[in-house]
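Chemist: Structure for the following, please:
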Amino acid sequence: MEIDKKIIKKLVEALDELKKSLKDQNFSNIKINDDVDKDNNEQETGIIVKSPIVGTAYLAPEPGAKKFVEIGKKIKKGDSVMIVEAMKTMNHVPSPSDGVVKKICVEDGQPVEFGQNLIILE
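Modeler: From the prediction side, this is the model:
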């Protein structure tokens, strides 16, 4: 892939102009939002089911099927609450205890990290 030097030069010039135009601006009233997983920073009460691996979370066993859990549903220890797919392997995530689903922290098909909150039980 060849990089066009003219385009790079134009981009650098545009950035310099932007820097000059913003030089005297006061940005102290702007709150910067760091790219941090909010679910792991919130202080939630209850039993938190965390992702055991990095992968993709699925709320149902297959597309169009009934979800494993819904908010308000009672579940028992060992029930599958979600599937986390990693390298074409479907890993069922079991509930660590009995409880009622208080919050589902991920969406169907969302990538998840190790230790990320998946579900919160009461």
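
Chemist: show me what contacts Phe68?
Modeler: Phe68 makes contacts with Leu59, Ala60, Pro61, Asp79, Ser80, Val81, Met82, Ile83, as judged by CB atoms under 8 Å, 6 or more residues apart in numbering. The way it works is simple: take the backbone N, C-alpha and C, and place the C-beta from them, glycine included.

Chemist: just the buried members of the residues you listed?
Modeler: When the contacts of Phe68 are checked for burial by 16 or more other CB atoms under 10 Å, the buried set is Leu59, Asp79, Val81, Met82, Ile83.

Chemist: okay if I get these as TSV plus pLDDT and secondary structure?
Modeler: Shown next, in TSV, are the buried ones among the contacts of Phe68 (pLDDT from 0 to 100; DSSP: H, G, I helix; E, B strand; the rest coil):
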residue	pLDDT	secondary structure
Leu59	93	coil
Asp79	92	coil
Val81	93	strand
Met82	93	strand
Ile83	94	strand
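
Chemist: As a markdown table, those residues with distance to Cys105 would be great.
Modeler: Shown next, in a markdown table, are the buried ones among the contacts of Phe68 (distance: CB to CB, whole Å):
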| residue | distance to Cys105 |
| --- | --- |
| Leu59 | 11 |
| Asp79 | 17 |
| Val81 | 11 |
| Met82 | 10 |
| Ile83 | 15 |
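
Chemist: Next, the buried residues of the host helix or strand of Lys102.
Modeler: Lys102 belongs to strand 99-104 when assigned by DSSP states H and E. By neighbour count on 16+ other CB under 10 Å, the buried set for strand 99-104 is Gly99, Val101, Lys102, Lys103, Ile104.

Chemist: Of those residues, which is the nearest to Met87?
Modeler: Of all those, Ile104 has the smallest distance to Met87: 24.2 Å, by CB to CB.

Chemist: quick one: pLDDT of the residue nearest to the closest one when sequence neighbours are not counted?
Modeler: In this structure, Ile104 finds its nearest non-sequential neighbour in Ile119, 5.7 Å apart by CB to CB, 6 or more residues apart in numbering. Looking at Ile119, its pLDDT stands at 94.
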